[in-house]
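>>> Here is a sequence together with a model predicted from it:
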Amino acid sequence: MKLEKYSFGIGDRFAQQGEAQLKAIIKAKEIGIEIVPVWNKSNREHEIIRSSPADTRAEADKAVRALNWNDDYHVDADHINLNTVDAFIEHSDFFTLDVADYIGSEVSEQEIEKFLALASGYEGLLKIPGIEKPFQVSKDDLVGIAKNFLGAVREAAAIFNHIADQKGVNNFIAEVSMDEVENPQTPVELFFILLMIQQYGIPAQTIAPKFTGRFNKGVDYVGNVEQFTKEFEQDLLVIDFAVKTFGLPDNLKLSVHSGSDKFTIYPIMGKLIQKYDKGIHVKTAGTTWLEEIIGLAMAGKRALKMAKAIYASAYERQDELCGPYATVIDIDPANLPTPEAVDQWDGEKFANTLRHIPGHPEYHAGFRQLIHVGYKVAAELEGEYLKMLGEHKDIVGEQVMINIFERHIQRLF
Ligand SMILES: [Zn+2]
């Protein structure tokens, strides 16, 4: 199973917007941009919503059938590890092997020696074609990189083999992810991580490193854009060289766990992948749920009332809701509108405050991020929330489609 050049990860917390999401991908195809949709959902999301991997598969299959989509599509078991993978094996064909927690875990002297034997040829001046200045790599650097990342890649191999035993090696796509950490991996580290991936025999088709800067949920990139640009370009070149040198799968590409809405860097990424004719996988997350709330806010009195109630509850429960997402949100509680203030808003004001239009005078990033993590509140409404979505399917679906097509795909490609 081979992942195409451009793929786009779409999350859908409540599994109601599969068709609206696919419509955006179809619209892209109509203007000549071929993208493979990948429905992704993590174990954490499933637990909070109380849904199961079978639901994501059913949603994807249903959307594809309804819209006669005849191209590839996948269902991603997002951020799984050995403890959580089993529930996904039957229903997914894309697995994001999250080994961030294993960075720095212990490895034996023999394993380090084995890696050093492979890596020692790159000691000294490491020249990557396309990167002007060669990198200096010392023996100490190599030992440091081994101690940091060997345990993580070994764990990725263990998860990969566990899945392969049940599904067969060629029947799924494997991604190795190390993005949910504090420190970004440098292009040099990425090069040697790819060597380890080859050493442990993982036919990874995508790799998700941690990039410079903050990738907060549902809001724009925060960080040094120049540094990101340089790093992203070097990563593309490193992967190209590693594929040719180590014999990794020739479609191996970067996976950017964007957290959605990285509007500042989307055009930069788009330009660079075109410059080098490279593929990309971009994961978005959770913004479809925000479009649902935007749609409801615009759908009349009762629906707006529900949207306001969800905000009010999220406002009261900030600590509980923000806790699990602490590393990927930045909310200043003092700056949030109070539920009493929000109660006075009309639907348009609510939608404009939530909708991410950079520079819009009513857009409020804190408000948006709080609702982003507030999906648990809607999950607790259970049928009531889903019923409201069903009643306003058209207006909600339109928000979802426009968001993915106009704000994401058009900026990226
Ligand atoms: Zn991630």
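Thanks, I have the structure now.
>>> which SS state does the closest residue to Gln227 other than its chain neighbours fall under?
Leaving aside its sequence neighbours, Gln227 sits nearest to Thr212 (CB to CB, 6 or more residues apart in numbering; 4.9 Å). In this view, the C-beta of every residue, glycine as well, is placed from N, C-alpha and C. Secondary structure, DSSP: H, G, I helix; E, B strand; the rest coil: Thr212 is coil.
>>> ditto for Ile10
Ile10 - assigned by three-state DSSP - is strand.
>>> swap in the one 10 residues further on?
Three-state call for Ala20 (three-state DSSP): helix.
>>> Is Glu45 in contact with Gly11, as I believe?
Yes - the pair Glu45 / Gly11 is scored as a contact, 7.4 Å apart, by CB atoms under 8 Å.
>>> Quickly list what's touching both of these two.
Shared contacts of Glu45 and Gly11 (CB atoms under 8 Å, 6 or more residues apart in numbering): Asp78.
>>> picking up where we left off before, for the residue nearest to Gln227, give me the backbone phi and psi.
Phi and psi for Thr212, reported as degrees, to the nearest 10, are phi -60, psi 140.
>>> Would you mind measuring from it to Gly383?
44 Å (CB to CB, to the nearest Å).
>>> OK, contacts around the residue nearest to Lys127 when sequence neighbours are not counted?
Spatial nearest neighbour of Lys127, chain neighbours left out: Pro134 (4.5 Å); criterion: CB to CB, 6+ apart. Residues near Pro134 by CB under 8 Å, 6+ apart: Leu125, Leu126, Lys127, Ile128.
>>> My reading is that the first one lies in a strand. Confirm?
Read it as Leu125. Yes - under three-state DSSP, Leu125 sits within a strand.
>>> tally of neighbours for it?
Applying other CB atoms under 10 Å, we find 10 residues neighbouring Leu125.
>>> what does the third one give?
Other residues within reach of Lys127 by the criterion other CB under 10 Å amount to 13.
>>> Quick check: phi and psi at it.
phi -100, psi 120.
>>> While we're on it, how confident is the model there?
Looking at Lys127, its pLDDT is 97.
>>> Just give me the neighbour total for Gly323.
For Gly323, the neighbour count with other CB under 10 Å is 9.
>>> residues of stretch 309-319 that come out buried?
Within stretch 309-319, the residues scored as buried using 16 or more other CB atoms under 10 Å are Ile310, Tyr311, Ala312, Ser313, Ala314, Tyr315.
>>> Looking at these, which are in helices?
Per DSSP state H, helices hold the following members of these: Ile310, Tyr311, Ala312, Ser313, Ala314, Tyr315.
>>> The third one touches Leu336, doesn't it?
It refers to Ala312. No - taking contacts as CB under 8 Å, Ala312 lies outside contact range of Leu336: 11.3 Å.
>>> shared neighbours of these two, anything?
With CB under 8 Å, 6+ apart, Ala312 and Leu336 have no common neighbours.
>>> wait, what's in contact with the residue of the chain found nearest the ion?
Distance from the ion to each residue of the chain (CB to the ion) is smallest for His257, at 3.2 Å. Taking CB under 8 Å, 6+ apart as the contact definition, His257 lies against Ser177, Asp179, Glu180, Ala208, Phe215, Lys283, Ala285.
>>> Excluding residues flanking it in the chain, which one is nearest the first one?
I take that to be Ser177. Among residues not flanking Ser177 along the chain, Ala208 sits closest, at 3.9 Å (CB to CB, 6+ apart).
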